[in-house]
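> Generate coordinates for the sequence data below:
(one chain, ligands or ions: 1)
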Amino acid sequence: MESSIIHDHSYLPHQTFESSNFLQAWEEHYHDLLLIRPPTQHSTCGVCARRKLILKRLAKDPEARRDQMLRYKQHLSRQYRDRACYWQARGMSRLGPAAGGKRTLCIMLDSIDHSKFAVPRARCLGSKDFANFIRPTMHCTAALVHGVATFVILGEPFTMQNSSWTVHSGPHHACAGSTQ
Ligand SMILES: [Zn+2]
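All right, here's what the predicted structure looks like:
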């Protein structure tokens, strides 16, 4: 199979390489060996998407377009200030205890969709025949305590994933961080 791929592309030396072609070829021939996910799987910001859509539709109305652009820039500016605030907290957390002994801890906490941990794992389980097949899963939450450690918390699938889960796991990370 490998030689046929090389042969197929050898007569097109003038074509430029594009990562989308590589991903397509990989998915076609090697998806059983390794799955390459797209660069980002995060959903896009709803405000950005809405503003961009409105801007597109206001192409013939410069006044309204200017107003929308102003709102869009204000949103981006707010987002940037949020990030700058996080970068500052992250830096202080990584620096460790200050001269007076006080310490800043910056903790990033996020959970992953528990269905991603369902076992057994096999392509055939995506079929309708297995629609009612109950596969065990686990809740998974990871906490990155900047400058200290990374924690992974696993929970039974019937455990409630709500604010109590977050509140109970938070102090644990803070305690771990304060002992360092
Ligand atoms: Zn946005």
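> wouldn't residue 161 be in contact with residue 139 here?
Yes - contact between residue 161 and residue 139 holds when scored by Cβ atoms under 8 Å: they sit 5.6 Å apart. (Each C-beta comes from the backbone N, C-alpha and C, glycine too.)
> does the residue positioned nearest the centre of the chain belong to a helix or a strand, and which?
The centroid of the chain falls nearest to residue 42 when counting by Cα atoms, centre = their mean (4.9 Å). Mapping residue 42 onto the secondary structure by DSSP states H and E places it in no helix or strand at all.
> quick one on the thing from earlier: any common contacting residues for residue 161 and residue 139?
Here residue 161 and residue 139 share the contacting residues 111, 114, 155, scored by Cβ atoms under 8 Å, 6 or more residues apart in numbering.
> Name the nearest residue to residue 45, ignoring sequence neighbours.
If the residues on either side of it in the chain are set aside, residue 45 comes closest to residue 79, at 7.6 Å by Cβ to Cβ, 6 or more residues apart in numbering.
> Name the residues of the host helix or strand of the one you found that are buried.
Mapping residue 79 onto the secondary structure by DSSP H and E places it in helix 62-95. For helix 62-95, burial by neighbour count (16 or more other Cβ atoms under 10 Å) applies to 65, 68, 72, 89, 90, 92, 93.
> Cheers, nothing more for now.
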